[in-house]
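1. build the 3D model from these lines:
(chains A and B)
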There are 2 protein chains.
Amino acid sequence: PGRAMWAVWGARGAALAAAAVAVTALALAVAAWRRARPVREVLFFPSRPCCIEALLAEAAEPGAPARPCPCPLPSGDTALSRLVRRLLSARRSLDLCLFSFSCPQLARAVQLLHRRGVRVRLVTDAQYMGLHGSQIGRLRHAGIQVRHDQHTGYMHHKFAIVDRRMLITGSLNWTTQAIQSNRENVLVVEDVEYVKAFQDEFERIWEEYNPANYNFF
Amino acid sequence: PGRAMWAVWGARGAALAAAAVAVTALALAVAAWRRARPVREVLFFPSRPCCIEALLAEAAEPGAPARPCPCPLPSGDTALSRLVRRLLSARRSLDLCLFSFSCPQLARAVQLLHRRGVRVRLVTDAQYMGLHGSQIGRLRHAGIQVRHDQHTGYMHHKFAIVDRRMLITGSLNWTTQAIQSNRENVLVVEDVEYVKAFQDEFERIWEEYNPANYNFF
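-> A predicted model of the protein is given here:
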């Protein structure tokens, strides 16, 4: 019986060890699966026309009763409304690096975040920020920090980083013409390799374009 | 002893079951980890000037003895050389969707792939393809299939798909000015969600821009 008991305990030990390995491996599998499940979205433009008033109102006063917008546009699910939703999800910071920014709807979304206390930083292209329709002056006026290049080459990036966590980048300049008429793409990315590379590039540009370094006045 | 034997076999069965779970979970963890490890690269421009003759020569005649290029440029590791390397890795297909394509170096890489038997399809913007320095005419001349939009909006995408597997996309137009002078980004992506979305967009555009549908002649 002594030997049988030893065998029982030996087998029980093996069972326990195997169970421990199983639990660890399952935890690893779940962790890897979760790491493999960040937001990955692609938006293609042109966007169907849509009204984003309800989105802006909800972001300005969460939970307030919705007032219907008098405009005739549908407020459905479009590439533009999805882009606006992603931007409005910012809670702490919004870093913008935009060649051209003349879309009033997107400017209103950015201004709203600024009012809500989100830290907004905006880098843009010196040659484009003064063009007719540019929203840069309005955003500066609202107190948002803006920096620009001073080179002959273009600051041609078109990306946003929400809460240092979500990258929004693609071919789309933030202009009404691009949104409504062009074939464009925007990627929404949470994979840390991409987000970190773009955040580092943003910080590099932000420092390089520090007004203390401007010399063309 | 009968009961003890039963206990031994019961415990052994439990150990075997637990081991089976452990093996399955480990296999899942490894699979998830591998799925989480596709190529993810970001290239930032402007690129340092570099010579890509060696890259093109090696791609044209793999294994042939390297002839040194007489040009004074270094042939180091730059954003441009990395982009060219990724393109030259194509074995079966290269789908290009480019607003503006005037960089002769990239045109040579594409032409080389075409000569090597890679199926190249190129979509571009009608208003930009006729501009001075455009490489579209040369590529058409070489026998590469080109289609373009016929809209007033721009075909503003700037992406390439290698072997239906690797997406190369960003803010960069394929012009020498953009490569050498602008702040630009290019993402290299193998995550299947992105690649599939862009491949589907490419096929949609390719069909929509079928010359049989042109009506502005």
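2. going forward, measure contacts and count neighbours with C-alpha atoms only.
-> Noted.
3. so stretch A:119-126, near chain B or not?
-> No - under the criterion of Cα under 8 Å from any Cα of the partner chain, chain B is not reached by stretch A:119-126; the shortest gap measures 9.8 Å.
4. pull that stretch out as PDB, backbone CA atoms only.
-> Extracted C-alpha coordinates of stretch A:119-126, given in PDB (Å, rounded to 0.1, in the frame of the first residue of the first chain):
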ATOM      1  CA  ARG A 119      -4.100  69.700 -23.900                       C
ATOM      2  CA  VAL A 120      -4.100  70.400 -27.600                       C
ATOM      3  CA  ARG A 121      -0.800  71.000 -29.500                       C
ATOM      4  CA  LEU A 122      -0.900  71.800 -33.200                       C
ATOM      5  CA  VAL A 123       2.000  71.700 -35.800                       C
ATOM      6  CA  THR A 124       1.300  72.900 -39.300                       C
ATOM      7  CA  ASP A 125       2.900  74.100 -42.500                       C
ATOM      8  CA  ALA A 126       3.900  77.700 -42.700                       C
END
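5. quick one: residues in contact with it.
-> Applying Cα atoms under 8 Å, 6 or more residues apart in numbering or on different chains, the set of residues contacting stretch A:119-126 from outside is A:92-100, A:110, A:113-114, A:144-150, A:154-156, A:205-206.
6. let's see it at 7 Å
-> Under the criterion Cα atoms under 7 Å, 6 or more residues apart in numbering or on different chains, residues A:92-100, A:114, A:144-150, A:154-155, A:206 lie in contact with stretch A:119-126.
7. how far out from the middle of the chain is it?
-> 15 Å (Cα atoms, centre = their mean, to the nearest Å).
8. and for stretch A:68-76?
-> Relative to the centre of its chain, stretch A:68-76 is centred 25 Å away, using Cα atoms, centre = their mean.
9. please apply the same query to stretch A:10-20.
-> Stretch A:10-20 sits 48 Å away from the centroid of its parent chain (Cα atoms, centre = their mean).
10. again, but for stretch A:90-107
-> Centre-to-centre, stretch A:90-107 and its host chain are 10 Å apart (Cα atoms, centre = their mean).
11. over to stretch A:83-101?
-> Per Cα atoms, centre = their mean, the centroid offset for stretch A:83-101 relative to its chain is 6 Å.
12. per-domain residue ranges of chain A.
-> Domain ranges of chain A: A:1-37, A:39-213, per the TED database.
13. downstream of the lowest-mean-pLDDT helix or strand in chain A, the next helix or strand is which one?
-> One helix or strand of chain A scores below all others by mean pLDDT, DSSP states H and E: helix A:2-35, with a mean of 81. Next along the chain after helix A:2-35, taking DSSP states H and E as the criterion, comes strand A:40-45.
14. near chain B, which residues of chain A are found?
-> The interface of chain A toward chain B, taken as Cα under 7 Å from any Cα of the partner chain, is made up of A:1, A:4, A:7-8, A:11-12, A:14-15, A:18-19, A:21-22, A:25-26, A:28-29, A:32-33, A:36, A:40, A:42, A:153-158, A:170-171, A:181-185, A:193-194, A:197.
15. list only those of the residues you listed flagged as buried.
-> A:7-8, A:11-12, A:14-15, A:18-19, A:21-22, A:25-26, A:28-29, A:32-33, A:36, A:40, A:42, A:153-158, A:170-171, A:181-185, A:194 (16 or more other Cα atoms under 10 Å in any protein chain shown).
16. doesn't A:V110 lie inside a strand?
-> No - read with DSSP: H, G, I helix; E, B strand; the rest coil, A:V110 is helix and lies in no strand.
17. measure it to chain B for me?
-> Using Cα to the nearest Cα, to the nearest Å, A:V110 is found at 21 Å from chain B.
18. need the contact list for that residue.
-> Applying Cα under 7 Å, 6+ apart, no residues contact A:V110.
19. distance of it relative to B:D77?
-> Going from A:V110 to B:D77 by Cα to Cα, to the nearest Å gives 38 Å.
20. again with A:Q111
-> 41 Å.
21. neighbour count winner among the two?
-> Comparing A:Q111 with B:D77 by other Cα atoms under 10 Å in any protein chain shown, the one with more neighbours is A:Q111, at 19 against 13.
22. mind pulling up the pLDDT for the more buried one?
-> On pLDDT, A:Q111 comes in at 98.
23. what does A:S100 give?
-> 95.
24. okay, now it: neighbour count?
-> The burial count for A:S100: 25, using other Cα under 10 Å.
25. now do the same contact list for it.
-> A:S100 neighbours (Cα under 7 Å, 6+ apart): A:124-125, A:128-129, A:173-175.
26. for the residues you listed, give me TSV that also has pLDDT and distance to A:I52.
-> What follows is the contacts of A:S100, written out as TSV (pLDDT from 0 to 100; distance: Cα to Cα, whole Å):
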residue	pLDDT	distance to A:I52
A:T124	96	24
A:D125	93	27
A:Y128	80	26
A:M129	78	24
A:N173	97	18
A:W174	97	15
A:T175	96	15
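27. just the closest of those to A:L106, please.
-> A:W174 (7.3 Å; Cα to Cα).
28. for the closest one, grab phi and psi.
-> With angles defined as degrees, to the nearest 10, A:W174 sits at phi -80, psi 60.
29. which strand residues sit across from it in the sheet?
-> Beta-bridge partners for A:W174, by DSSP bridges, are A:F101.
30. what is the neighbour count of it?
-> A:W174 is flanked by 22 other residues according to other Cα under 10 Å.
31. wait, doesn't it sit right on A:F99?
-> No - counting by Cα atoms under 7 Å, A:W174 stays clear of A:F99, with 8.3 Å between them.
32. for stretch A:45-58, list every residue counted as buried.
-> A:45-53, A:55-57.
33. between the two ends of that stretch, how far is it?
-> Stretch A:45-58 stretches 24 Å from its first residue to its last (Cα to Cα).
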